[in-house]
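Trainee: what's the 3D shape of this:
(chains A, B, C and D)
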Amino acid sequence: MFEYVWLIPLFPLIGVVINGLFGKKIKNEAVIGGIATLAVVGSFVVACGILFQLLSLPGEERHFVKTVFTWIQCGPFKADMAFLIDPLSALMLMVVTGVGSLIHLYSIGYMHGEEGFYRYFTYLNLFTFSMLLLVSGANMLVMFIGWEGVGLCSYLLIGYYFHKKSAGDAGKKAFVMNRVGDFGFLLGLFTLFYYMGVNHNVWTVDFTELAKHADLIPVGGVTTVVCLCFFLGATGKSAQIPLYTWLPDAMEGPTPVSALIHAATMVTAGVYMITRMNYVYIKSPTALLVVACVGAATALFAATIGTAQNDIKRVLAYSTVSQLGYMFLALGCGAFGAGVFHLMTHAFFKACLFLGSGSVIHAMHHALHAEHSSADPQDMRNMGGLRKKMPITFLTFLIATIAIAGIPGFAGFFSKDEILWQAYANPFHGPVNFVLWAVGATAAGLTAFYMFRLVFMTFFGETRLSEKAWHHLHESPIVITLPLMVLAALSALGGWIGVPKVLGEALGGLPNMYEHYMEPVLAYSTEYMHTAGLHGLHSEAAEWGLMGVSVLIACCGIAVAAALYVVKPTIPAAFTSTFPALHRAVYNKWYVDEIYDFLFVNPCKALGQFLWKGFDVVVVDGIVNGVAAVFRGFSGILRHVQTGFVHNYAYSMVLGVVVIVACYLFR
Amino acid sequence: MSQLPLLSILTFLPLIGAILLLFMPKNSHGAIRGLALAVSAVTFVASIPLITGFNPTGGFQFVENVPWIAAGPFQMSYHLGMDGISLWLIILTTFIMPIAILSTWTAVEEKVKEYMICLLLLEVGMIGSFVALDLFLFYIYWEVMLIPMYFIIGIWGGKNRIYAAVKFFIYTMVGSLLMLVALIALYFKAGAGDFSILRFYELNLDPVTQTWMFLAFALAFAIKVPMFPLHTWLPDAHTEAPTAGSVILAAVLLKMGTYGYVRFAIPLFPDAQAKFMPLIATLSVIGIVYASLVAMVQQDVKKLVAYSSVAHLGFVMMGIFALNQQGVAGGMLQMLNHGVSTGALFLIVGFIYERRHTRMISDFGGLAKQMPIFATIFMIVTFSSIGLPGTNGFVGEFLVLLGAFESSMRPWAIIATSGVILSAVYMLWMFQRVMFGELSNPKNQNLKDLNAREIAIMIPLVVLIFVMGVYPRPFLDTMAPSIDNMIAQAKKKQAVAMNVPAGMINPHAGIPGAPPITMPAPAGEAAPAAQAAPAVPTAANPHAGIPGAPPIEAPAAAPENK
Amino acid sequence: MLALNNYLIVSAILFSIGCIGVLTKRNAIVIFMCVELMLNAVNLSFIAFSRYLGNLDGQIFVFFVMTVAAAEAAVGLALMIAFYKNRESIDVEDINVMKL
Amino acid sequence: METIAIPAINLAAIMPEVILSVVAMVLLLVNVFVPSENKGYLAYLSIIGLAITAASTVSGWGAPQIGFGGAVMEDNFAIFFKVVLLFAAGLAILISDRYMSQEGCNSGEFYPLMLFATVGMMFMASGTDMMVIFLGLELLSICLYVLAGYNRDSVKSNEAGLKYFLLGAFSTGFLLYGMCLTYGATGSTKLAAIANYAIQNQAVASNPFFVIGMLLIAVGFSFKVAAAPFHMWTPDVYQGAPTPVTAFMSAGPKAAAFAAFLRTMIFAFPMLKGNWTELLWVLAVLTMTVGNVIALSQDNVKRMLAYSSIAHAGYALVGFTACNAEGAAGILFYMLSYTFMNIGAFAVVVLIGKKGEKNGNVQDLAGLGFKRPLLAVLLSVFLFSLAGIPPTAGFIGKFYLFSAAIKSGYIGLAIIGVLNSAASVYYYLRVMVYMYFKEPQEDYEWAGVTPAVALCLVIALVSTLVLGVVPGTVLELAQKAVQF
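Mentor: Coordinates of the predicted model:
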């Protein structure tokens, strides 16, 4: 099966080619959507095959590189078009193709009747293709194709409704922000490549090669630089501070796209990349600290914004940013496995949430459309009580919400708890650990709060819709609800593959299958930590205690949400009017966009204007034209010497003679 | 080696075409266009054997060497040849010509005959410049190119065409005349013989001479490239030129400058290259950032693309001056990429200009709705220009930056890398304003999508964009030996220059001027060894290391190790 | 017997007078006369040198110069007449249609 | 009683001059019998005469003839120059008939005058005695005074003749004074004898007579070649003289003056080489710069070409300054190519001119490129050649001249030269801007072309291009010509 790994990205690419070139002619939505979905499903099937084969091998053999052809070779630099199979990429392939297939399926229903249906599916397939390339690439360059490819596709899909200026802007913003990250990625790549090459004659960008020579990677120093550069790349792709602002704006795209971006593809790239390079990161405590702090800060920061948003998708968007913060917190604590675990569970419940919100929006859109209302179908203030009309959506949504809130038994609990524990117990950051844990726990509480706020505002209470609209509100069709159900099931159960040791033992020896599965990927890091004497805290009591605390915090969040939005819905308004400035700041996302505009965008434009009108035209071109003008002016003056009078001519001759003779006589 | 004088045939086929055109009736436009297209197409086909018959050894091939002028001290030869460096540039030229001719099939309605003659003559000059191995011959072709381009801009150009044409001509002329002086001086330094570049490669010039000659050559080439701050003729020329003119200007003419550096300025004056590297690197980086910023605020699409050219060529220059495999190969590849992508961009601008007779960004908006095919192609080209992996732009840019990073240009390379952000900003912003948004301007309501001819023009370019992006090996592999030769040669001379004083101080150290001590490839050697001998490059093994670049130190390693 | 220098000095003075005349006089004929004066000053030098050197070349040269001067005079006067016919003046200040 | 030895007369040394003089005199006679509307025949007769002369000249290649006790020397140098001069005269005569009949001054004396002027020039080229050179120069000058003022009805022509006459005579004074002083210092008028004397008596190098004599001779020739600051007559005379005469003057007399200048400096004053190269350096820079800079603001094509011709004298002086074989050969080649390209340009000016020298401004050329494409192409080629753009004769010429300067180490001079060359492009291009980039202001009347002018244009064009593409043979000849 391994030999056919190249089929995984190939299927969606075929989908792209077919739909891209002939989609317009095909016209039939079922065919277009079918081709696109089948392509991803095909990849999923291959991915499953690969996973099973992988599982059938012993741990140390779970590594395979398939080289298709040499892509770039120049001097010592060589990049193959090659695919890497190991537990990490297999897992990612599963997530991407699995969740991706569901989203494709869902899209057939959701995008029904949209203009440019074929275009949408082309992009969607392209997106999947890029992401698959990203997670299966055997070297940084192939990864970078996917890395930039997802950026491109986000641009295309966010800007899908291109006639809307805001959509175009958001797409551009996403791409540019990503490019800032890519800048970091490239610099990191160059530094690592050059350092390893010139000092150790290891000229490679290949992950396998690099891992083989991981011992040569120094501790700290240049490694920190490399890590931070790559991390800049990760912040761009995974929407971390300071490059997170594109993600909420990305809600301009169709909802399934948001699901795809937020759940299955794109934003997870940064987490994947750092995990892939765990043997580099483990060598730089400084970089780990930065990653952890940025992650924690993002988790908290985005969560605060999430509490004040009214747009259903925006809440989810900030929730994504926040959850990604968790993942980075885990990575920064050296718990790469935990980060990826949360990535996976997050993919399940976040996809479910987004698709669920899509289902809501879809229904709301139709309802509002029926009464010709121009009200925003995404604004939760227009919803309420939807559980009665949309039971499946509600139920699945609720399960996913419980999962994200971290209620024990559901997927989110296992992953989040692991992260919080690692934040507390990791051997890297010393006293900072407690701060990291505290921030994480607070964010967890906030998460529970705003997610349940969302659920309560949307599905509970009385509807705020008009009679007529309410009448037109319907549950979504099966193509939409089926993926919801699948994802809800995964959200509920997916966490059980990674039961923490303490819990597992308490429950009668449940194994932590996930940890075992990931071992080969993290082998070097584990080994390194062991030899370097980096041991985390081991205390079952503490682990139980923290687990309890985090569950408690989550429950508090839910309780507060219930109190504020179900029991006494007047309190939020009162709160808002009591602290208007705070609310406005939170509502306006702490004015980060404005600050960026002020700091970067506007100065750049002004500088561009100045350089063009002020410098290029006036100075540079001025000098060029000035030289010409001086010559012409000089010419205009000099021609007046030619007076036309014989006397003057004779004078000039005599003068010439006198000067010449004088020069020779008197020197 | 008796074979067809392929390079001569290539060079003069267009000339024959131009002469044939002279005898065509003035008003049979269709026939004139057809003939011109046929001639350029035949030229392209005739250039294919260059690829198939190419032997990637690094030496010159398809060589023709016939004594031409022999008078007094001078011997000029009709000396043609081609290696991996020029191969693809020749192909690019012959490839882009039919496209350029097709592109103005309908746009140029007046003086068609003269127009086509100019285009074909231009091709003569361009191919000639790339194949000439005799510096004198090169100079002649170099200058000859100016004339048709001058007329193309001046006769078929836009409003401000006269200014642009004259500026183009005189600006280029100033530089090339100074180069002529240096060229003659070089010839006299070389002693009796011909003007063959191969002979000049063997010279060992003293650093002062090199400095001056390099400056003269570099100025001529820098104007052509164009490098900041000598770039202002380019936006004017591009904006005013008709589409085909812009396409050729961008795709081929600008490459003359960078090609000049690779073929002449650097291998001839390697010490000066080392000396001026910081200056060139600085100018390139300024060019990249500056042109990007200026491009960002342009209101005219064509001007924007023109400024983007300046930025792209800045990358090329960085790569070339990095003087290592990745850099130079990246630079060369980037030259081709720029030819394809920017050529395509100019074609695209031409398409909308033909339809709307305006190029102001503000006049457009929402075209994607009206012209979906156009939008798709435009987008692909835009992303190629931005350098998205998978398209051609990426490979070149990446290698350039990698190469620059490995050379002593590292600090500059870091700033240059920021160019990837800026290029995304200005290209996407332009694309968004032109293609996205509401189709608000009523004049745009009835725009027609691309017709078959226009699609036919774009398809080869789009295909190339992907082919070069996904499988650049054929290009890189054919170039590599020649580039290795060039670098080895330059580095050898640099090393000699460095060794001579040492030899004079300690006569026992070795014979002064002897080739540098060759070092076996330090495969798997420990770091200190590699650092201690900072890569004396050898002709035998240019892969050995990236010379001249101090390795990155890891100062913080010790404290953190504890 | 006067020394060679005396002749030469006279010649130089004559030449200078002619030269200054050309620069200052306005009438074309007078200017031409001044030129003639210059030529004759040279002739004087030639003769003096010739005599001093005991070499006939200088004297032969003088014959030629005189001939040439005569021819020049003929042509010059003709040109002046032609000019006069058009402009009714031979003042050099009036010879200024073409300038700059 | 002293005996006077009659110097050895070697008629072979002056055979071409003899032939041409005879032809000229015959023409004068024939002229009487040719009705005034058919004076054009005289032109063809002149051409035949020139052709015979040329044949006679060329036949002497490689076999130097010395005549009149070393007063004339028919060596390769002279032969090369004579060919240039004969071409200049021939091409100018070819365009004369058309012009003269248009301007209504087609009296037959024109052609003999041209031929006599040519004889004078040929003597300048082969003269090795200051006396011969002086006589040749004066023969040329007197003929030119008349030719410049040939159009009696035109004020401009009168003025050109008179100005040229006054200033020419004035400059003759300096030249003559210079010759006189040189004679006084060395005791001879023969160039070789002067040099010999100087070599044997090194002290003469510090003799002010000798140095000033050399300088004044240089001044006299500088006037003839129109080197700044002795150039000021040029624009006015070139503009006013009948166009064919201008064409002739810009090519022939300049070449002849360079021939004599070169010969005098190299043969007679090798001792003072340092002095005169220094002087020429300054003159070259001044001449190029003044010519080019003022030309930038000229509207009248003839006047523009006059300034351009000053600049070209400057380029030739660059080669002269270099004072090596390449420089001298460069001048020879340059004069030849300049003859073709410049007379070619003037031929086009003649064709587009209207009676009374109308239509002579660049503005009048607007739209010519598409009204009269062939004519415009021709003019463009000549102007590109003048601008020194390959593949034309002008480029090779400049290349050679500047190479010579560089070889002798005058790199600064070469750089000034090329920068001037670049500036000059502006005004040449300006003509093309009008021809091609501007719309015609009015319908262009076209008087047609005569076979003679066509022949002139063809010769000029072919030569300009051939000398540009395959200059080897001619360059070789030029190199041989300067091996004294």
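Trainee: From the chain's centroid, how far away is stretch D:247-257?
Mentor: 2 Å (Cα atoms, centre = their mean, to the nearest Å).
Trainee: With stretch B:212-230 instead?
Mentor: Worked out by Cα atoms, centre = their mean, stretch B:212-230 lies 14 Å from the chain centre.
Trainee: ditto for stretch D:336-346
Mentor: With Cα atoms, centre = their mean, you get 10 Å for stretch D:336-346.
Trainee: Quick check, central residue of chain A?
Mentor: In chain A, the centroid-proximal residue (Cα atoms, centre = their mean) is residue A:267; its distance is 2.1 Å.
Trainee: Pull up the gap between the residue lying closest to it once chain neighbours are set aside and residue A:343, please.
Mentor: Nearest non-adjacent residue to residue A:267, counting by Cβ to Cβ, 6 or more residues apart in numbering or on different chains: residue A:238, 4.9 Å away. For every residue, glycine as well, the C-beta is placed using N, CA and C. Separation of residue A:238 from residue A:343 (Cβ to Cβ, to the nearest Å) stands at 10 Å.
Trainee: More neighbours: those two, which one.
Mentor: residue A:238 (30 against 27; other Cβ atoms under 10 Å in any protein chain shown).
Trainee: next one: phi and psi at that one?
Mentor: The phi/psi pair for residue A:238 (degrees, to the nearest 10) reads phi -100, psi 20.
Trainee: And for residue D:66?
Mentor: Taking degrees, to the nearest 10 as the convention, residue D:66 sits at phi -110, psi 130.
Trainee: Residue A:75 now?
Mentor: According to degrees, to the nearest 10, residue A:75 has phi 60, psi -140.
Trainee: these two touch, right, it and residue B:328?
Mentor: No - using Cβ atoms under 8 Å, residue A:75 is not in contact with residue B:328, being 9.2 Å away.
Trainee: Which one of those two is surrounded by more residues?
Mentor: residue B:328 (32 against 25).
Trainee: Please report the distance of the more buried one from chain A.
Mentor: Distance, residue B:328 to chain A, using Cβ to the nearest Cβ, to the nearest Å: 9 Å.
Trainee: Just checking, which helix or strand succeeds the strand or helix carrying that residue along the chain?
Mentor: Assigned by DSSP states H and E, residue B:328 falls within helix B:325-356. Per DSSP H and E, helix B:325-356 leads on to helix B:367-370 as the next helix or strand towards the C-terminus.
Trainee: pull the CA atoms of the helix or strand just after that next one into PDB?
Mentor: Using DSSP H and E, the helix or strand that follows helix B:367-370 towards the C-terminus is helix B:372-386. Extracted C-alpha coordinates of helix B:372-386, given in PDB (Å, rounded to 0.1, in the frame of the first residue of the first chain):
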ATOM      1  CA  PRO B 372     -14.100  33.700 -16.100                       C
ATOM      2  CA  ILE B 373     -11.400  32.200 -18.400                       C
ATOM      3  CA  PHE B 374      -9.500  35.300 -18.400                       C
ATOM      4  CA  ALA B 375      -9.800  35.400 -14.600                       C
ATOM      5  CA  THR B 376      -8.400  31.900 -14.300                       C
ATOM      6  CA  ILE B 377      -5.500  32.500 -16.500                       C
ATOM      7  CA  PHE B 378      -4.800  35.800 -14.900                       C
ATOM      8  CA  MET B 379      -4.800  34.200 -11.500                       C
ATOM      9  CA  ILE B 380      -2.500  31.500 -12.500                       C
ATOM     10  CA  VAL B 381      -0.100  33.900 -13.900                       C
ATOM     11  CA  THR B 382      -0.400  36.200 -10.900                       C
ATOM     12  CA  PHE B 383       0.500  33.400  -8.600                       C
ATOM     13  CA  SER B 384       3.300  32.400 -10.800                       C
ATOM     14  CA  SER B 385       4.600  35.900 -10.500                       C
ATOM     15  CA  ILE B 386       4.200  35.800  -6.800                       C
END
